[in-house]
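Undergrad: Sequence and predicted structure, then a few things I'm wondering about:
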Amino acid sequence: MERWQGLLLAGCLLASGPCRTGNAGETVSALWDPPAGEVIEIDRAVILVEDVFKTLQARHVDRPSRSDLIAVWSSAANPVLQSIPDGNYGPLRWTTLFQVFSGKATVEPPVVAKVIPEQMTVREQMERIWRASSGKEFEPRARHLMTQFLSQTAGSPALFRAAEARVERQLAANAYVGLGVTAMSSNDAYLKFPTILPGGAADRAGLTNEVVVLTIDGWNTQHQSITDAVERIRGPVGTVVNLRVRDQAGERDISIRRDFVKFQTVHGWPRGSRRTNRETLDLGPPLPSLPGEFAYVRCSQLSASTVQELHEAELRARQSGRTALILDLREPERNSDVKYTRRIADALLDDILLWREQDREGRLTDIRSDRDCLFRNFPMAVMIASDSPTPQKLLAATLQDTGRAIVIEISKGTSHELERLARTAHTGPPSSTAIYRLESCSLADGRWSLAVPTARFLRANGEANWAIPPNFRWQEPVPEIAGIESSLRTPSAVGVNTITEKSPLAVSNPALPESLQAFGPVGLAIAELRAAILASGNK
Amino acid sequence: MMRLTFLSGIAGILIILSSNTPVPSAEAPGADHPIAIRLGHEPNTAVIAQQRGGALIVVDYERGTVLRTLGRFGTLTDFDGLTPDHFIVAADHPPRLAIVSTSSNDTTPREIFWPTRPTAVRVSTSGDQLAILNREDRRVDCLATSTIKSHPFDRSRLRTVKLPFQPGQCLWLSDDRHLIATDAYGGRLAVIDALAGQLTSVRTIPGHNIAGLALTTKGDRLYLTQQILHSGASTTLDDIHWGGTLTNVLRSLAVSDLIDPTADHLAHNVILPLGETGRATGDPAAVIVRKDGMLIVTLAGVNEVALDRGMGLEWKRVAVGARPTAVTLTHDGERALVANTLDNTLTVVRLANVSVVGRTISLGAVPAQTAADRGERLFFDARLSHDRWMSCHSCHPGGHTNGQLVDNFSDGTDQTAKRVLSLRGVRETAPYAWDGRFAALADQVRHSVTSTMQGDPIPEDQIQDLVAFLETLSVPEYSRDQSDPLLVAAGKKVFDHNDCGQCHAGPTYTSPVTYDVGLVDERGLRRFNPPSLRGLHSADSFFHDARARQLEDVLRVQQHQLSAPLEEADLRALLEFLRSL
């Protein structure tokens, strides 16, 4: 039995994401890694793969043929299958596997390619993989096969367990239903709620942090899987879960009505202390107050609630006499959905073509904003990170395309990012930036849900490339990666991707007036907005 | 095409059952329908117009007593004060105006024949100008109040302005010259130069159901209560939950932007959201602004009054009676008098601490409730929807249509937003939904409550009550003043010659099957349930996707089911026939 070691959210989640035990890859890999005691069936895996193929053929905007999909699948399966020699494969460490998959290493003992995946059926591939695992545990090299296949498919379809898909949807909509607690195991192997979120259903019911849950609707939680426990706590809004709990006051029974768990997605300028950058432990000195004419809004998620929250932010900005807006889309805390990007773009723009959506039949639908416009007449700067997710980039690009805002891109200064900047310097703007609308499709057995790209987003000018050439760039210094050629740290630099030993970190960002230097990239936004306002006034 | 795209209401978490908002029951009072309120000339009195009661009621709001009842005017539609003790009353059945004195020694009203149904009257702040709206005729008549007071009434001094929509409310600006008239169903505003008798401009604001109008004390900003049905949203629980489907707002516009026909009327627009997730405010109605800027709004769908002292960030709310639709301030400005339409009562709200003063004041005896009466209460009750965001009325104002598109899954698909249909005459137009999937009206109602409004299921007797109310909704007659019998007869021949009756068969001008008429929706639906053609004169959008915004465009632009373009004379005749239905 699995012991509860991790921290799970039952009815709420913190910044880390939905109620599941790991990253997206592991969710999918659960297919290959059924609960203990469950018989591994090749048939089930093959049926699922075929179901994914059929669904993509039927719904994907690019109308892929089966042979297209087989080619992508084989491409993903190739490294796995070619790494399986005849007979059993020896023990292999995860770190080595990662290096193998990323092309940075070969495994020992050397693998001899004896199969040609393109010539094998999916079933034959599966059987080979199963044989390699002796039928007891799925071949570890193939755990991420489905994930790899989907990531190599246009629009990056995503496969979720049906229950997780529901949770994902709730989270994207900021309409998560639950008790408003986090969950983990107690010392005596019961379920424990280490955190009770203020205002949540559990909080209103009087539960306090660290309460131990002995039973859920009569089901004893001791030595049970945390996943199973969380699943029992979840349920439709308005329904009741009965708990037997133990806290300082002793044991008692309590009934709690499941309710929506609300997360704030719009935040103002932090007061008193610098906003936490999860990559930076040193928070630095407190941030100064923003200049009086600027409103600052940070969106930690683009969700169904964001427009409602922006309305309040706008009223407060007007009330306090602000006349310009800095919209910070960096550092998302939960997944966003392009569906809600549309709402937010609509809310921030006045009667203009946002983008077009092209469906499987090639039909184009104009997506326009209505005439209502939040922060009307506020000059706007949008701040995005170089690795911002698609919904944030879609919003930033749309605001830029429509002339509503200037875009400031902030790179975090990681080695990966510096390499990307160096590549950009050599090859021009990044290329890979198609954006798709994903729709959930239930797969045949009802246990899985496939998010399928069913429409392609085209910019107002008809382009499918959503690369954002930022108006301005800013690079955050990250001391711990010292050692990169300094010329690469300048966004405009056309340097050589050379790594030198312990070269000093000398970030070269646009010069700011002294009064704005403490604001970092926000200072750049202020300076550029002021310049834009001045230029506009001079016209 | 479907007859019923019904956003009717039943609520997600049936707030109906909460203790402070009792579910409407057979015992609940209602009937006379107070719809408008003004201060009386005597100390501590207010005058209230009862729509169905057909009378003006003079109430002592300090003592909580009815002092007297004035007149029986058939069905009252509105009233306003000409002088502190003289009121002009608009009435129907038969259509007329009346001047009524509230002085105890002068109780005989002077009636004025009015050829068309007056639906609203408004006197300017100075008391010098009067506007009379005629909804079905799409017009406003303006005149000096001295003219209406004189006897006999000199009709030649009327300044009539035709409007491109059916007006619902109007408000004089503080210059005593300009009048704002609102679309009764959609989101249009007409700016009228009343002295010149000219329509200055027609402006469109996002949204519909403009139910209340008020000016700031300085007269520089106009407030409107309204709703916004958002394009791109659907009636999923997630969308409704956060107000992504429909929001209730108080909009503030700069008057200078409205008066100047070349200005962008939304250039200085500010939206003040009413309500929030978990505590929404379906169907905001009347709004008034106190001298110090305090905003007072009645929330008709949730039986509350909300007030805010500034920018709309600190709304405070208090429960009042059923469907509060009218409000005024007491003489001292310290209290609000709220007329509750569906329980025939008056609530006094102390503004300082947002509390109800004393007992609710009864405005008269209440007859026993019929199923239709109970259904009416449900129809206007936002507590039937998830979080109280909307009532049936929200998309079907007064049983008609807001003319908008909504993606409500009534045809079993998503991302196929379709036009909200009028419910007038719905009793005879089965089946329902654009694809005709609901054989009975009760089936459509049940679906609308739980799917469109994301409400909890309601008891079967309440479904039947709603159906009973819907079956009372009739199609308004086309104005005889506008109708040309000869042209109508000619149009009937064109209608028959083109075999329009194959799908739109009389007398209901629909038929119970679906047809492929060359239309297709986003999911490939090709067979549509033909909507009834009755009441077309009051329609402002056509086809499932509202692709035509004028009846003429259905034939001239869309060439709907015409093998060849009609001759101009035939087209005009057919249009006249269709409008006469």
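TA: Received it, and whenever you're ready, just let me know what you need. Residues are numbered from 1 along each chain as shown, chains lettered A, B, ... in the order given.

Undergrad: residue contacts, residue 291?
TA: Using chain A. Residue A:291 sits next to residue A:526 when contact means CB atoms under 8 Å, 6 or more residues apart in numbering or on different chains. C-beta coordinates here come from the backbone N, C-alpha and C atoms, glycine included.

Undergrad: Chain B is the one I meant
TA: B:217, B:333.

Undergrad: Name the SS class of the residue in the stretch 201-350 of chain A that chain B sits nearest to, please.
TA: In the stretch 201-350 of chain A, the residue that lies nearest chain B is residue A:304 (4.1 Å; CB to the nearest CB). At residue A:304 the chain is in coil, as set by DSSP: H, G, I helix; E, B strand; the rest coil.

Undergrad: mind checking pLDDT for it?
TA: The model reports residue A:304 with a pLDDT of 92.

Undergrad: how deep is it tucked in, by neighbour count?
TA: When neighbours are counted by other CB atoms under 10 Å in any protein chain shown, residue A:304 registers 29.

Undergrad: Provide the backbone phi and psi angles at it.
TA: Per-residue torsions, residue A:304: phi -60, psi -20 (degrees, to the nearest 10).

Undergrad: ok, it touching residue A:174?
TA: Yes. In terms of CB atoms under 8 Å, residue A:304 counts as a neighbour of residue A:174; the distance is 5.4 Å.

Undergrad: intersection of neighbour lists for these two?
TA: In contact with both residue A:304 and residue A:174: residue B:242, using CB under 8 Å, 6+ apart.

Undergrad: Now whatever residue of chain A ends up closest to chain B: phi and psi?
TA: Residue of chain A nearest chain B, by CB to the nearest CB: residue A:173 (3.7 Å). Here is the backbone geometry of residue A:173 (degrees, to the nearest 10): phi -90, psi 0.

Undergrad: Which positions in chain B make contact with chain A?
TA: Proximity of chain B to chain A, by CB under 8 Å from any CB of the partner chain, involves residues B:12-13, B:204-206, B:228, B:230-233, B:237-239, B:241-244, B:247, B:266-273, B:276-278, B:310-313, B:456.

Undergrad: residues contacting the residue of chain A closest to chain B?
TA: Counting by CB under 8 Å, 6+ apart, residue A:173 touches A:303, A:304, A:337, A:340, B:238, B:239, B:241, B:242.

Undergrad: same question, residue B:226
TA: Contacts of residue B:226 by CB under 8 Å, 6+ apart are B:187, B:205, B:207, B:208, B:209, B:210, B:211, B:248, B:249, B:251, B:284.

Undergrad: what about the fifth one, how many neighbours?
TA: With neighbours defined by other CB under 10 Å, the count for residue B:209 comes to 30.

Undergrad: Now tell me what touches stretch B:483-503 from outside.
TA: Residues from elsewhere that reach stretch B:483-503, judged by CB under 8 Å, 6+ apart: B:509-511, B:515, B:517, B:530, B:561-563, B:566, B:569-570, B:572-580.

Undergrad: From the chain's centroid, how far away is that stretch?
TA: 31 Å (CA atoms, centre = their mean, to the nearest Å).

Undergrad: of all the contacts of residue B:226, which comes closest to residue A:234?
TA: residue B:248 (31.1 Å; CB to CB).

Undergrad: so how far is chain A from the closest one?
TA: Going from residue B:248 to chain A by CB to the nearest CB, to the nearest Å gives 12 Å.

Undergrad: and that residue, what are its phi and psi?
TA: The phi/psi pair for residue B:248 (degrees, to the nearest 10) is phi -110, psi 130.

Undergrad: Quick one: residues contacting it.
TA: Residue B:248 neighbours (CB under 8 Å, 6+ apart): B:225-227, B:273-275, B:280-284, B:299, B:389.

Undergrad: circling back: got TSV for the contacts of residue B:226, with pLDDT and distance to residue A:371 too?
TA: Below are these laid out as TSV (pLDDT from 0 to 100; distance: CB to CB, whole Å):
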residue	pLDDT	distance to residue A:371
B:187	94	10
B:205	95	7
B:207	94	10
B:208	95	14
B:209	95	17
B:210	97	15
B:211	96	20
B:248	97	18
B:249	96	13
B:251	97	11
B:284	97	20
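
Undergrad: Residue B:234 contacts residue B:409, doesn't it?
TA: Yes. If you go by CB under 8 Å, residue B:234 and residue B:409 touch, sitting 7.2 Å apart.

Undergrad: hmm, back to that, which among the contacts of residue B:248 gets closest to chain A?
TA: So of these, ranked by how close each gets to chain A (CB to the nearest CB), first place is residue B:273, at 4.9 Å.

Undergrad: nearest spatial neighbour of the closest one, skipping sequence neighbours?
TA: Distances taken as CB to CB, 6 or more residues apart in numbering or on different chains put residue A:311 closest to residue B:273, at 4.9 Å, once the chain neighbours are dropped.

Undergrad: Can you name the residue of chain B nearest chain A?
TA: Closest point on chain B to chain A, by CB to the nearest CB, is residue B:238, at 3.7 Å.

Undergrad: residue contacts, that residue?
TA: Per CB under 8 Å, 6+ apart, neighbours of residue B:238: A:169, A:170, A:173, A:175, A:304, B:244.
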